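**Q** Just the structure for this:
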Amino acid sequence: MLTRIDTTVASWVDPSSQLIPSRLITTSLIDGTEYDLVMSDEFETDGRGFADGEDSVWTALDKSDDDMSAAGGGSLHFYNSSHASTSNGFLNVSTTTEKTTWTGFNPFKQAFVDLEKDYKSAMVNSWNKFCFTGGIVEIDAILPGEPNTAGLWPAMWILGNLGRATYEGSTNGIWPWSYDTCDRRLQHAQHVSGCSDVNHYGLNARRGRGSTEIDILELMPGEKGWLPSTFPKIQRPYGAMTLQVAPGVEKNRPQSGSVPVRVGNDGTNGFPPTEPQSWYEGLGFGSNTSMNPFFYGTYLGETKPEEPTHRTKKEAFQADAVGAMFQLTKAHFERVHTYRMEWQPGKGGRIDWFVSTEGGRERPGVKKKEVNKGDEEEEEENTVNKRHKEPVKPSGFDPASKVLPQTSSKWTHAFSIEDESLSGLQGSQVPAEPSYLIFNTAVSSTWGFPYDTPDTCKKCYSCFDPDCACAIPPGFCESLKNGKTSMLIDSVRVYQAKDDDAHVGNKHTVGCDPIGYPTREFIEGHESLYMRPIPFTDKHALLPLKSGGGKCTSDDDCGEGVCTKEADLSFWSKSSNTVCNCGKSGYMGSFCKTKIYGDDEPGAYDYELNTSWFFKRISIPYIPVELAGFLVALVAGFIGAFVVTLKKKKISGGTYRGVAGNEMTPQFNKARRALHR
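**A** Residues are numbered from 1 along each chain as shown. From the prediction side, this is the model:
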């Protein structure tokens, strides 16, 4: 059994991380100072499950990826918690061709209809459990699928806790705002505006809030071939590294498919006069990294009246995607690489993306000779802008951007955004929201699927229907059968500064409800927005954490717990079934395989109410059905006896018969006076 080695480390740190002391500290590649490990998961325990209530850090969703809207998302998958599990020391986020059917409400038809998705996948996230603001994130991962087969959309990212990923009601008017200025023109679009003089739901007055998104990596696989308007030249597969932020540029935006035009045309050359295009200046791009000219953001327009998520014309706004494309190779699909983000939050802060230059352990089941075959040639082919210490701008490079020097042999400094780039153009800032981690793989007709199909092509996406083949990327269905379509997360680690004066931006914090940027009371006050729609019958956004109760045949099934007869857990139970009992092991879940974690400090809500933060960390113990029934009957008996007693002691003419006033407790007298008002 693993035990805590150092009681001074943060309470979110996996005990497995403490077995290797070098994992407990890292050094910033930007400011050169030491950072302490504040959260980690090494995924060393096989057989962990992540369904709601099973894990104190992670929740795997069980829902369709999109809400019913006019725009739609093109999503073709249903997130199923069974597609997230641990084995061989990895978190497996798998994708399959299994169909999901259910009955849901269609707001356009105002009726319940049969719905279906052709693929199953997984999203695992730490929403409203583990959040952090600022620091260094390192994710060791093997990318899923085949590098030159399009169709999968895997991502590793963080999102502000005020928005819950895929729950559109919670993100409407919240995502991806990072704007702390009172702007009356934008006030309707930003639902938590800096113009608010009153701090409703525990929020701070005159502080603009949002749910900002930082994409550590989104994978775009597909056919080889240099992509236009990329400098240096990039081809698929590439990784998109993006900050999504609002408010966005409204006028003279760059056109998708081309780099920003920084110099206008005065019309003397015979062409119509044009103004320079507005885009962020001072962005930094490293070796084998180009500005992303194919996605500059999303316009969230006025919605139709029947849509479940409502936006008026005044609430419509532009969001920007400030992003880069990093060249990937076959090695990233076969061996572990580390994807690192250094985030200094708030005004004066910055975000930097890094990728390790060397691979780690291999994907299980892949032969070593297969991994190494052709890797060196492909690395050479894809490496256009060689690593160098002195910045060199390739031909066609955006003149308002800069090339990042490469000073480490272990890391490629891929992309950098400084706060001045944001504040100087739109007045936005580097995100300062408490944010949570997300790992998922999507399947979308808008990501890597054929854009132009002949009119004769049936618009369907099932791998089991031959008529759909023309609308599906070549080789995609076959790739789902080879066992390589799991995104494998070897570990995730979050570090924060030992000295907050040593870095730019705001102080680093751990917790989803920090005093400066609280979220708990707001979420509880709008909980329905964070819950699944009909036909699901959620009573709360998250289920209570379980402590045992999974059926077992031996202690081996129960992780750090023991396999126990239900009858031994309760005097009242006569069941012969055996279940896992976590006891005082410090582990929880149905099978006692996940450590009990929690924040070291109370949050804003706890400070405000002066309540104990301890109780929210206690998991609910497993209670046998027989015992639960007995307790219900016992409570009902007490209530019945109390009612009978009250009937015997009738209240008449303002006088309570049977008990003298001086015999009543102060609480009873208070209740009596209230009754006769």
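**Q** Next, count neighbours for residue 399.
**A** Residue 399 has 12 neighbours, counted by other Cβ atoms under 10 Å. Where C-beta positions appear, they are placed from N, C-alpha and C, glycine not excepted.
**Q** isn't it right next to residue 259, touching?
**A** No: with contacts counted by Cβ atoms under 8 Å, residue 399 stays clear of residue 259, the gap being 9.6 Å.
**Q** mind checking the SS state of residue 522?
**A** At residue 522 the chain is in helix, as set by DSSP: H, G, I helix; E, B strand; the rest coil.
**Q** what residue ranges in the protein are flagged as low confidence?
**A** 1-9, 67-73, 366-392, 610-628, 643-677 (pLDDT under 70).
**Q** Pick out the residue closest to the middle of it.
**A** Centroid check for the chain by Cα atoms, centre = their mean gives residue 438 as the closest residue, at 3.0 Å.
**Q** And for that residue, nearest residue in space, chain neighbours not counted?
**A** residue 125 (4.2 Å; Cβ to Cβ, 6 or more residues apart in numbering).
**Q** got it, and residue 303?
**A** residue 311 (4.6 Å).
**Q** Equivalent analysis for residue 575, please.
**A** That would be residue 566: by Cβ to Cβ, 6+ apart, it lies 4.1 Å from residue 575.
**Q** so what's the residue nearest to residue 303 up against?
**A** 172, 173, 300, 301, 302, 303 (Cβ atoms under 8 Å, 6 or more residues apart in numbering).
**Q** Can you say which of these are buried?
**A** 172, 173, 300, 303 (16 or more other Cβ atoms under 10 Å).
**Q** How much space separates the residue nearest to residue 303 from residue 485?
**A** 36 Å (Cβ to Cβ, to the nearest Å).
**Q** got it, and residue 265?
**A** 48 Å.
**Q** Give me the more crowded residue out of these two.
**A** The neighbour comparison of residue 265 against residue 485 (other Cβ under 10 Å) goes to residue 485, with 23 against 14.
**Q** Against residue 99, how distant is residue 235?
**A** With Cβ to Cβ as the criterion, residue 235 and residue 99 are 33 Å apart.
**Q** wait, I meant residue 61
**A** Counting by Cβ to Cβ - residue 61 and residue 99 are separated by 18 Å.
**Q** Same question for residue 338.
**A** 36 Å.
**Q** The two: which is more packed in?
**A** residue 338 (20 against 14).
**Q** which residues touch the residue nearest to the centre of the chain?
**A** Neighbour list for residue 438: 123, 124, 125, 126, 155, 156, 157, 158, 159, 165 [criterion: Cβ under 8 Å, 6+ apart].
**Q** Pretty sure the third one sits against residue 435.
**A** No: counting by Cβ under 8 Å, no contact exists between residue 125 and residue 435, whose distance comes to 10.5 Å.
**Q** between these two, what contacts are shared?
**A** With Cβ under 8 Å, 6+ apart as the test, residue 125 and residue 435 both reach residue 159.
**Q** which of these two has more neighbours?
**A** The residue with more neighbours, out of residue 125 and residue 435, is residue 435; 30 against 24, by other Cβ under 10 Å.
**Q** Show me what that one is bridged to.
**A** residue 132, residue 160 (DSSP bridges).
**Q** if I look at it, how far off is residue 146?
**A** Taking Cβ to Cβ, one finds residue 435 at 31 Å from residue 146.
**Q** And for residue 295?
**A** Applying Cβ to Cβ to residue 295 and residue 146 gives a distance of 23 Å.
**Q** Which of the two has more residues huddled nearby?
**A** Neighbours were tallied for residue 295 and for residue 146 using other Cβ under 10 Å; the higher tally belongs to residue 146 (21 against 16).
**Q** OK, contacts around that one?
**A** Counting by Cβ under 8 Å, 6+ apart, the residues that residue 146 touches are 221, 333, 475, 479, 482, 484.
**Q** Among the residues you listed, which ones are in helices?
**A** Of these, the ones assigned to helices by DSSP state H are 333, 479.
**Q** Of the contacts of residue 146 - the most surrounded one?
**A** Highest count within the contacts of residue 146 by other Cβ under 10 Å belongs to residue 221, 26 neighbours.
**Q** my guess is that residue meets residue 153, correct?
**A** No: with contact defined as Cβ under 8 Å, residue 221 does not reach residue 153; the gap is 9.2 Å.
**Q** As a check, name the ranges of all helices in this protein.
**A** 168-171, 331-334, 368-372, 375-382, 419-423, 476-479, 520-525, 566-569, 604-609, 625-648, 666-675.
**Q** and for the first one, what are the contacting residues?
**A** To tie it back to what came earlier, the one meant is helix 168-171. So helix 168-171 is in contact with 66-67, 69, 162-165, 211, 308-309, 526, 528-530, going by Cβ under 8 Å, 6+ apart.
**Q** Pick the one among the residues you listed closest to residue 417.
**A** Checking the contacts of helix 168-171 against residue 417 by Cβ to Cβ gives residue 211 as the nearest, at 18.0 Å.
**Q** do you know how far the closest one is from residue 515?
**A** Applying Cβ to Cβ to residue 211 and residue 515 gives a distance of 19 Å.
**Q** still on that earlier bit, now, the most widely separated pair of the contacts of residue 438?
**A** 126 and 155, at 14.7 Å, using Cβ to Cβ across these.
**Q** ok, the two, which is more surrounded?
**A** residue 126 (26 against 21).
**Q** and that one, what does it touch?
**A** 57, 58, 59, 436, 437, 438.
**Q** Name the nearest of those residues relative to residue 503.
**A** residue 437 (20.6 Å).
**Q** Quick check, residue 112 in contact with residue 533.
**A** No: under the criterion of Cβ under 8 Å, residue 112 makes no contact with residue 533, lying 11.5 Å away.
**Q** so what's in contact with the two at the same time?
**A** In contact with both residue 112 and residue 533: 104, 105, using Cβ under 8 Å, 6+ apart.
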